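Asks: Quick one, structure for this:
(chains A, B, C and D)
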There are 4 protein chains.
Amino acid sequence: MSNVRVGMVGYKFMGKAHSNAYRALPMFLPDVPKPEMKAICGRDPAGLEQARAQFGWETAETDWRKLVGRDDIDLIDINAPSDAHKEIAIAAAAAGKHLFCEKPLALTLADAREMLVAAENAGVKHMVGFNYRFAPAVQLAKKLVSEGRIGEIYHYRAWFLQDWIIDPEFPLVWRLQKEIAGSGSHGDLGAHLIDLARYLVGEFDEVIGMSETFIKERPMPSAMTGLSAKGSKDAPRGEVTVDDATLFMTRFANGALGSFEATRFAAGHRCTNSFEINGSKGSIKFDFERLNELQVYFSDDAEDVQGFRRVHATDAAHAYMDAWWPAGHSIGYEHTFTHEVHELMKAIQEDRQPVPNFVDGVKCQEVLEAVDRSIAERRWVSLKEYQA
Amino acid sequence: MSNVRVGMVGYKFMGKAHSNAYRALPMFLPDVPKPEMKAICGRDPAGLEQARAQFGWETAETDWRKLVGRDDIDLIDINAPSDAHKEIAIAAAAAGKHLFCEKPLALTLADAREMLVAAENAGVKHMVGFNYRFAPAVQLAKKLVSEGRIGEIYHYRAWFLQDWIIDPEFPLVWRLQKEIAGSGSHGDLGAHLIDLARYLVGEFDEVIGMSETFIKERPMPSAMTGLSAKGSKDAPRGEVTVDDATLFMTRFANGALGSFEATRFAAGHRCTNSFEINGSKGSIKFDFERLNELQVYFSDDAEDVQGFRRVHATDAAHAYMDAWWPAGHSIGYEHTFTHEVHELMKAIQEDRQPVPNFVDGVKCQEVLEAVDRSIAERRWVSLKEYQA
Amino acid sequence: MSNVRVGMVGYKFMGKAHSNAYRALPMFLPDVPKPEMKAICGRDPAGLEQARAQFGWETAETDWRKLVGRDDIDLIDINAPSDAHKEIAIAAAAAGKHLFCEKPLALTLADAREMLVAAENAGVKHMVGFNYRFAPAVQLAKKLVSEGRIGEIYHYRAWFLQDWIIDPEFPLVWRLQKEIAGSGSHGDLGAHLIDLARYLVGEFDEVIGMSETFIKERPMPSAMTGLSAKGSKDAPRGEVTVDDATLFMTRFANGALGSFEATRFAAGHRCTNSFEINGSKGSIKFDFERLNELQVYFSDDAEDVQGFRRVHATDAAHAYMDAWWPAGHSIGYEHTFTHEVHELMKAIQEDRQPVPNFVDGVKCQEVLEAVDRSIAERRWVSLKEYQA
Amino acid sequence: MSNVRVGMVGYKFMGKAHSNAYRALPMFLPDVPKPEMKAICGRDPAGLEQARAQFGWETAETDWRKLVGRDDIDLIDINAPSDAHKEIAIAAAAAGKHLFCEKPLALTLADAREMLVAAENAGVKHMVGFNYRFAPAVQLAKKLVSEGRIGEIYHYRAWFLQDWIIDPEFPLVWRLQKEIAGSGSHGDLGAHLIDLARYLVGEFDEVIGMSETFIKERPMPSAMTGLSAKGSKDAPRGEVTVDDATLFMTRFANGALGSFEATRFAAGHRCTNSFEINGSKGSIKFDFERLNELQVYFSDDAEDVQGFRRVHATDAAHAYMDAWWPAGHSIGYEHTFTHEVHELMKAIQEDRQPVPNFVDGVKCQEVLEAVDRSIAERRWVSLKEYQA
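Replies: A predicted model of the protein is given here:
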């Protein structure tokens, strides 16, 4: 079982989360190939060197092309801003590197498909970073659905609520610029909602959406780091070119009805990534702000004690939890990445594609674009329109 | 301050709730005219007499026309099945009686409008039974919105989830038959959602919906009482002609985005009537299963102690609560009707229309029909289509 | 089945709650003798007449002796301040009246015992007003314990937290004066805790307690109604002669360990009457601020879905709930009194003692006094010291 | 700022948690000296080598005396079973090593005091592992208390509930043997409760307790790892020599009343480490199963919106959180150790004693022993009995 040598492009929020996962994996989940943290890559030499030292990478590269060209690298991890994903991924695939790309895979569906084709043609492994799948509570939801324990699914409703840009003076960071971020709440938060829905319920059949940009202009940022930034009342203003909120409804291929909402304007919600599934035999509720918990209801419980159970998914019976602490001891956000990287390493070990991979990234992008089209054209859009 | 003499048509679930309100009012909220429980009306003499005696009505009538014609009655309370509302209301108005009609006002918008015109022409008071407005926690939500304490509204999401017909063998009761009930989850539960949204956010601008009948055929009922009924596996089957679930999205006139879901297929939810409002200065959450509570968030709380407050709306500072018990002592579902009847009696006393009245009933019906049209025609429907 | 003719002494908070129960009973639970509200009794003629009219009593008496002497009364309901219970109860028993007495039964154990003897000697029915037993969620807890569904009990912990006198300027109302109230949080709140523990776990074996009066002096009240009152900064001060908080530990006869706390100084808790039971096969949690809910855990649930269930005890499967509204519709505080009065009427109908009765009142008083003694003498006190 | 070279004795549950903290510190909180993971020490060579490789220690030692004697070690981290703490700590102090010792400091108060004296005489830094202090939500509680934002403290109640040995067939692991563990729930869980109480409220004045061993005999274990173990029905039985549950009441030096309960027999509670503080101006609630949250109530909130706030203590305003992820992203159990080690390294850097240190360990032990004495002698025990 040889190590997997990793080169990572990006060193901000996601770069930190991925680095932590590579560091934690051999200690907590040592049954898969160990990732070797060979090189970290970014454009700003000073910031990069600090990240390299702090996160524990062996070397640093300021040119991703050079990184991709190194022959001591097996896997390229791409978590730079979304507009950079495509070019790097295609070049890395061409160089025979495995790919681990943050979501959204690309700015457009066409780009995402190009990336998938490139990866498939190159015969490399490819994974997309839908980390929320890897919360043990979400894995439990998947298990309950798969085993038929909540029956046929009637309803799925999901919302991802944040409030970090609710202040109109919050500056125009890159995530609010369409040319870099692709979209706003839709591609950032909605992408996660769509992936979880595909994971738990199945494919989308048709969609219709609506969206809004509540604050149309914001001060230009003077400095920018990750999600936070500093604005100024006197700063020049720029146009917000992405959505602040996007909602849509769907009919799934299996007949279930779905309702989705992504917004950055829900005061009091820092990171409420929630879903509920209602089935013929029971229901499931999840809220990422309490990521260790799953609410589960079974219709066949004795009639005097029916009710949602608050399952603290930290028992040995829950996915990944024997790797961590005794029952009742919560894990945090970053653990989802460690589990994700475990799947990636395991897939490389077993010579199979990891899940979720670029196919999932493309299918998520299809739904994102179908929703966009439904908004632009004010009509229901069938996902069949995206099947060549 | 003379008493208001009431004649009531209907004696099942709603008849019981209304009767209780008339009984409770003079004891707990004695500052308004006392309702005199003169006559109860229904078709089945045996059941009617039992209800009369049990609920405490002076007399019983098996013919609503006779009731309407009695000159010792000031107010006709209509809580018979929805298909009977219109004829009774119009006749009662013609006879100069005040009107208190359960929701939905009628089976169609046209009927509802006819009722409103009749009531207005007759110069009588008219009220429609959107009782959820009268939960003290909902009144608090209204107060916070009205006083601008959560700022400009960005989002409203609401869902009314039940599971009482999730068993495919549950029989085909009248609420599942379009010719009697008008619609299913949409008119029954969605009507409440729409009214609360109008109360808290304002008028709807445009809507688009989707709906489903998951179980298409059910056994014919052998007996039927209120919401429950007894079916049989060997019973003949009949077609379910109403929706099991209806979802829709909206844009409000004030620019807020709305999302609505009404379903009778959400396992584990007996009566989850919930909403959340996100504004520029705060947020509000309500769940009827915990009807004494309101979750409230203020963005300007000190930054280290920001969080949703669980307000137990049973203090003297909360609407109606000084009429009941000391702080911390919960009230129940039926109290919403007592408060509702208080508004009705107070309006009669003050010679003004109660709120909500038939105008609200009509406007609710407009939204219901707009959603139905949007489903039938698979397009966004503007409420302007309903403004003559 | 003849009616039971009631005469009630007291017309404040408890008088209102009892009156409501008598009014509601024949409408919602008509299978028992109907209470006839014959006479209400109090000292202040004006206040009394207002209560009589508002609550719906036929007549009023300003002298309880006269009430007790009336031959058109079957039952005397005593909810006057605690110092008046004994004399009235003994006289009423002597007059052959059934007795329904609010808790605490008397100011002292000796008095309580005298009352029990008097009632037993007179051969009348006697009930004590531990209304919390009659919340359907509490009845469910009792059922689960009785049926062995949570196994052998290891732990019981209970607390009754309020904050209505936390303001040092709140005046010296009668509940803060030992000669009228007997004790403070201990007799008022602790009595409920003790009764619920006896109901759910069984008899106490030994106790040790501690107590405190945090605010030693308060302004004399200028007016007083029920729990609320108006004080003044300039008012003369009087000594608080009861406990603000009392805690104690116990060992139950069955070996379970118990922990109890009653306080009026728990900011944010208006009426948190809570308990938790831990057994060998499961656990139960209750909080009166969410009185319709019971949290239930079963150790033998499938290992991946173990967790506390939030049971909304409003289904038809739950005690009394078929008398009220459909599943999911909450009931309120006063319903516990309606259920309590149902038990009282049923016991009269069946010619048996209601439960809880004066025996329970005496046993509760034994524990209260044992705790007081343990505080005074700073030692464990065995309940055997109270068994003659 | 030179590195701190660490030698660690113990490699099971706590050894893993500490190792993770040393690994995480330089990446997430790099403003303090970096711990160098020089050597790990244990008795079983095979298990030790696996831990060394997995946790990332440079070398391994099977003899702690040899470890203590190494001159390339600055700090000895002691997380072996409790009976080994004293000898190692004293030897390490004599060798001039800084000390980081898990709780409870020792099996007896006398031992703990000896350790403190040894550490003080040697002039080394000493820390004791009360990690729960370092949850950001707990740090927030401390801040609110310290800043007087909840006023004068009236009540403190705390409980640590677990259920991992509730099965009578769970084997007799070392934690159930007095000679190794010192005590059961009391020293293991109660020690944490006592330390948090001292941290948040202050010193104890007097205590009285009770305890129980519900299951007196258990099967001897055939293998043992950390908290879990395998027993067998046919295995020989051994006596359980520690407490399954210990409760006690206290009066704090500042007049507050306290109530404490530690048990391993609370079904459904995997790790419920909870406390509530009631003050004259507000209240605070914490539950470790939701370690990222603090419930906070302020009496001076506007009267219509008073209620406990659920603060998700993951904002930048909360202690340590700017080191981790954006607001709303939960951290886990092990992060408390990372924060704890940060304090340790910072204290070394600043040449001061870390907090909590052996003084806190000794004071905790005083309370533990006072409770034990109060149980043995069935009386209130003053902490003054422990002040020479």
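Asks: hey, let's count contacts and neighbours off CA atoms from now on
Replies: Noted.
Asks: Any residues of chain A in contact with chain B? List them.
Replies: Chain A comes close to chain B at residues A:154-155, A:166, A:214, A:247-249, A:259, A:265-268, A:278-283, A:297-299, A:306-308, A:378-380, as judged by CA under 8 Å from any CA of the partner chain.
Asks: could you pick out which of these are near chain C?
Replies: The residues of the residues of chain A next to chain B that also fall near chain C, by CA under 8 Å from any CA, are A:306, A:307, A:308.
Asks: what's the last one in contact with, if anything?
Replies: Residues in contact with residue A:308 (CA atoms under 8 Å, 6 or more residues apart in numbering or on different chains) are A:295, A:296, A:297, A:298, B:268, C:308, C:309, C:310, C:311.
Asks: which two in these are spaced the farthest apart?
Replies: Using CA to CA, the two most remote members of those are B:268 and C:308, lying 14.5 Å apart.
Asks: In terms of helices and strands, where is the closest residue to residue A:186 other than its chain neighbours?
Replies: Counting by CA to CA, 6 or more residues apart in numbering or on different chains, the nearest residue to residue A:186 once its immediate chain neighbours are dropped is residue A:246, at 5.7 Å. Taking DSSP states H and E as the definition, residue A:246 sits inside strand A:245-252.
Asks: Could I get the full set of helices for the stretch 51-200 of chain A?
Replies: For the stretch 51-200 of chain A, the helices defined by DSSP state H, counting those that start in this stretch cover A:64-69, A:85-94, A:109-122, A:136-146, A:178-181, A:185, A:191-200.
Asks: among the ones you listed, which is nearest chain C?
Replies: Comparing these by their distance to chain C (CA to the nearest CA), the top pick is helix A:136-146, with 7.8 Å.
Asks: and that closest one, what does it pack onto?
Replies: helix A:191-200, strand A:282-287, strand A:293-298 (3 or more CA pairs under 8 Å, 6 or more residues apart in numbering or on different chains; DSSP states H and E).
Asks: what does that helix contact?
Replies: Here helix A:136-146 has contacts from A:132-133, A:150-151, A:199-200, A:284, A:286, A:291-294, A:312-314, A:318-321, C:304, using CA under 8 Å, 6+ apart.
Asks: JSON lines please, covering the ones next to chain C among the residues of chain A next to chain B and showing pLDDT, distance to residue C:111 and secondary structure.
Replies: Shown next, in JSON lines, are those (pLDDT from 0 to 100; distance: CA to CA, whole Å; DSSP: H, G, I helix; E, B strand; the rest coil):
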{"residue": "A:306", "pLDDT": "98", "distance to residue C:111": "45", "secondary structure": "coil"}
{"residue": "A:307", "pLDDT": "98", "distance to residue C:111": "45", "secondary structure": "coil"}
{"residue": "A:308", "pLDDT": "98", "distance to residue C:111": "47", "secondary structure": "strand"}
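Asks: Now list the buried members of the contacts of helix A:136-146.
Replies: A:132-133, A:150-151, A:199-200, A:284, A:286, A:291-294, A:312-314, A:318-321, C:304 (16 or more other CA atoms under 10 Å in any protein chain shown).
Asks: Quick check: longest helix in chain A by residues?
Replies: Longest helix in chain A, counting residues (DSSP state H): helix A:358-377.
Asks: So in chain A, where's the weakest helix or strand by average pLDDT?
Replies: For chain A, counting by mean pLDDT, DSSP states H and E, strand A:223-225 ranks last in confidence among helices and strands (a mean of 53).
Asks: which among the contacts of residue A:308 gets closest to chain D?
Replies: Nearest member of these to chain D, counting by CA to the nearest CA, is residue C:308, at 6.8 Å.
Asks: if I look at that closest one, how far off is chain B?
Replies: 14 Å (CA to the nearest CA, to the nearest Å).
Asks: How about that residue, nearest residue that isn't a chain neighbour?
Replies: Of all residues beyond its chain neighbours, the one nearest residue C:308 is residue C:297 (4.5 Å), with distances taken as CA to CA, 6+ apart.
Asks: wait, what's in contact with the nearest residue to residue A:248 once chain neighbours are set aside?
Replies: Distances taken as CA to CA, 6+ apart put residue A:209 closest to residue A:248, at 3.8 Å, once the chain neighbours are dropped. Taking CA under 8 Å, 6+ apart, we find residue A:209 in contact with A:246, A:247, A:248, A:249, A:371, A:372, A:374, A:375, A:378.
Asks: What parts of the stretch 251-388 of chain A come near chain D?
Replies: For the stretch 251-388 of chain A, the contact set with chain D under CA under 8 Å from any CA comprises A:269-272, A:289-291, A:325-334.
Asks: Just the buried ones from these?
Replies: With neighbours counted by 16+ other CA under 10 Å, these contain buried members at A:269-272, A:289-291, A:325-334.
Asks: The residues you listed in helices, which ones?
Replies: For those, not one is inside helices, with DSSP H as the criterion.
Asks: Which of those fall in strands?
Replies: The members of those that map onto strands under DSSP state E are residue A:272.
Asks: Check the gap between the residue nearest to residue A:186 and residue C:265 for me.
Replies: 47 Å (CA to CA, to the nearest Å).
Asks: cool, and residue A:35?
Replies: Going from residue A:35 to residue C:265 by CA to CA gives 56 Å.
Asks: So if I had to pick from these two, which one is more boxed in?
Replies: The neighbour comparison of residue A:35 against residue C:265 (other CA atoms under 10 Å in any protein chain shown) goes to residue C:265, with 27 against 23.
Asks: And for that one, nearest residue in space, chain neighbours not counted?
Replies: In space, residue C:265 is closest to residue C:163, 4.8 Å off (CA to CA, 6+ apart).
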